[in-house]
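**Student:** Sequence below, structure please.
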Amino acid sequence: MLREAKWVVETTKAAMKEAKGDGAAFKAHFRKAHAQRLRQEHGLVVEAVTEEEMTKSRDYSAGTFRLGLEDTMSVARWVGDNLISTGELQEVEDVVARMKAVTAGDIQRVAQRLFVNNELSMAMTGPNDETEGLRKVAASL
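**Tutor:** Numbers count the residues shown, from 1 in each chain. This next block holds a predicted model:
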C-alpha cells in the first residue's frame, strides 16, 4: 500500500506541476498516468493471453469445477443455486463446454471493460505545501 500511496503522491505532484492550476489539464495528466499504470500492472488490457495460458486456464477451471461437485452436498448446493438463480438446471458438461469455449479475445474484451481509468478519485489528508495547489485544481474540476 505504501508503494501505491507513493505513486499517487508523485503522480499528483507531476500533474500539478504540468497543469499549472488548470483542472482539466491535471485530470488529463493524471488519467494518462493511471492508464499507463493499469497497462503495466494489468497487461491484459493491452496484451492478449497466449493460447498456452488459455489452455491451462480452461483445464484448471473445468477441473476445479468438477472437483467442486465431488460430494452429495456440493451437488445439491449447485443444483439449488442453479434453480434459484436461473430457474433451470444446467448440465455439468454444458457448463464445462462453455468454460472451454472462452477465447483470448473474450478475456481481453472483459479486461478492457473492467480495467478502465474513468471515475478516478483522489484523497489527501494533512496539511502540506501542496494544499493550496490541490484546492485550485479540485475547484476547477
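
**Student:** When you work out contacts or count neighbours from here on, use the C-alpha atoms and nothing else.
**Tutor:** Will do.

**Student:** So, low pLDDT: which residues of the protein?
**Tutor:** 1-2, 39, 42-47, 115-131, 133-141 (pLDDT under 70).

**Student:** the domain parsing of it - what is it?
**Tutor:** 1-42+116-141, 48-114 (automatic domain parsing).

**Student:** Straight-line length of the last one, end to end?
**Tutor:** Meaning domain 48-114. 15 Å (C-alpha to C-alpha, to the nearest Å).

**Student:** Tell me how many other residues crowd V92.
**Tutor:** V92 has 13 neighbours, counted by other C-alpha atoms under 10 Å.

**Student:** can you give me the helices for this protein?
**Tutor:** 2-19, 23-41, 51-67, 72-86, 92-100, 104-114, 131-140 (DSSP state H).

**Student:** and those helices, which is most packed in?
**Tutor:** Most buried of the helices of the chain, by mean neighbour count (mean count of other C-alpha atoms under 10 Å): helix 23-41, with a mean of 17.

**Student:** Could you export that helix as PDB, CA atoms only?
**Tutor:** Output of helix 23-41 as PDB, limited to C-alpha atoms (Å, rounded to 0.1, in the frame of the first residue of the first chain):
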ATOM      1  CA  GLY A  23      -8.100  21.300 -13.500                       C
ATOM      2  CA  ALA A  24      -8.700  19.800 -16.900                       C
ATOM      3  CA  ALA A  25      -5.000  19.500 -17.600                       C
ATOM      4  CA  PHE A  26      -4.400  18.000 -14.200                       C
ATOM      5  CA  LYS A  27      -7.200  15.500 -14.800                       C
ATOM      6  CA  ALA A  28      -5.900  14.600 -18.200                       C
ATOM      7  CA  HIS A  29      -2.300  14.100 -17.000                       C
ATOM      8  CA  PHE A  30      -3.400  12.000 -14.000                       C
ATOM      9  CA  ARG A  31      -5.700   9.800 -16.200                       C
ATOM     10  CA  LYS A  32      -2.900   9.300 -18.700                       C
ATOM     11  CA  ALA A  33      -0.500   8.200 -15.900                       C
ATOM     12  CA  HIS A  34      -3.200   6.000 -14.400                       C
ATOM     13  CA  ALA A  35      -3.900   4.300 -17.700                       C
ATOM     14  CA  GLN A  36      -0.200   3.700 -18.200                       C
ATOM     15  CA  ARG A  37       0.000   2.100 -14.800                       C
ATOM     16  CA  LEU A  38      -3.000  -0.100 -15.500                       C
ATOM     17  CA  ARG A  39      -1.400  -1.300 -18.700                       C
ATOM     18  CA  GLN A  40       1.800  -2.100 -16.700                       C
ATOM     19  CA  GLU A  41       0.100  -3.900 -13.900                       C
END
